[in-house]
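> Sequence below, structure please.
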Amino acid sequence: MTRDEVLALNHHMYTLKSSESEQIRNVMIKRGWINSDPEVIKLLEHGYEVFEQNVVTRILAETPEKVFFNNCPKCNKLARTPYAKQCRHCGYNWHDVTAKFKISSAFQLTNRSFYLLGEIIEEEINPGQLMDLTILGLHKKIKIGSIELADGMDNEKPWNRIGLGTNDLTGDEKQHLKQKSFLNPIINIFQS
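Numbers count the residues shown, from 1 in each chain. Coordinates of the predicted model:
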C-alpha cells in the first residue's frame, strides 16, 4: 500500500474505534492516528469498501506478477489461504501437484509441437509430467512432450520464457488455449 493508503486505512480504523468516546478520539487525533490531510480523507470519500476496491485494483494493475490467487483446480473458487491444497467449497485435494506454470501465450510451430509459453511459478517441470488444463475449460491432463526456451521482444524489451510442448490436443482445443492464454492463467503440473 502507498503511504496515503496506509494513513487512510488507519484513519478509518481509529475513527471507528473512537466513535463512542470523544475523549479517546481526541487522544487519537493528538497522536496523529486520525488524519486531517484532505488527500488522505479523499481516499475514503466514497466509503471504506470503495477504498478497499480501489487499492486492490491499483495493486493488481501495477504489480500483477506479485499477486497470486490460490484457486481450486477443479471448481476455480478461491482457497482459504495461499498455501491451501484442499478446497473448502468442493473438497478437491491437490496435494499431489508437482509444479505450477503461468501461461503467457500459446502457439504452434509448423511441423512441431503446440507450445504453452510462460514461466514456472513453483518447483521444477520435466518432460513426461502432465499439464492440468481444467482451469482453462478443458477437462483433461495432457503430457508434456518437450520443454524449450524462448526469447523475444515485447515493446522493445527482451524476454525469456519457457515453452511446454505437447502433441495431445485437437485443433479446436489449441484454438481455445490460444484465446484463453491472454488471461495469464496458472496451471498445475502433476506426475504422470
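
> ok, L133 to P185 distance?
L133 sits 9 Å away from P185, going by C-beta to C-beta, to the nearest Å. To be clear about C-beta, it is placed using only N, CA and C from the backbone, and glycine gets the same treatment.

> Those two - which one has more neighbours?
L133 (24 against 20; other C-beta atoms under 10 Å).

> quick one, phi psi at that one?
The phi/psi pair for L133 (degrees, to the nearest 10) reads phi -100, psi 10.

> Point out where the chain drops to low pLDDT.
The chain contains residues with pLDDT under 70 at 65-66.

> hey, which strand is longest across it?
Ranked by residue count, the top strand of the chain under DSSP state E comes out as strand 97-108.

> sec struct for T57, please.
Recorded secondary structure, T57: helix (DSSP: H, G, I helix; E, B strand; the rest coil).

> Using just helix, strand and coil, how would you label the most far-flung residue of the chain relative to its centre?
What lies farthest from the middle of the chain is Q23; by C-alpha atoms, centre = their mean that is 44.0 Å. Assigned by three-state DSSP, the conformation of Q23 is helix.

> With K180 instead?
helix.

> how long is stretch 22-36 end to end?
End-to-end distance of stretch 22-36 (C-alpha to C-alpha, to the nearest Å): 16 Å.

> Spatially nearest residue to the spatially most central residue of the chain (excluding sequence neighbours)?
By C-alpha atoms, centre = their mean, the chain has its centre lying nearest to F68, at 3.5 Å. Nearest non-adjacent residue to F68, counting by C-beta to C-beta, 6 or more residues apart in numbering: P82, 6.1 Å away.

> from what I can see that neighbour touches N70, true?
Yes: using C-beta atoms under 8 Å, P82 is in contact with N70, at 4.9 Å.

> More neighbours: the two, which one.
Remark: of P82 and N70, N70 carries more neighbours, 16 against 9, as counted by other C-beta under 10 Å.

> give me every residue that touches that one.
By C-beta atoms under 8 Å, 6 or more residues apart in numbering, N70 lies in contact with L78, A79, T81, P82, Y83, A84.
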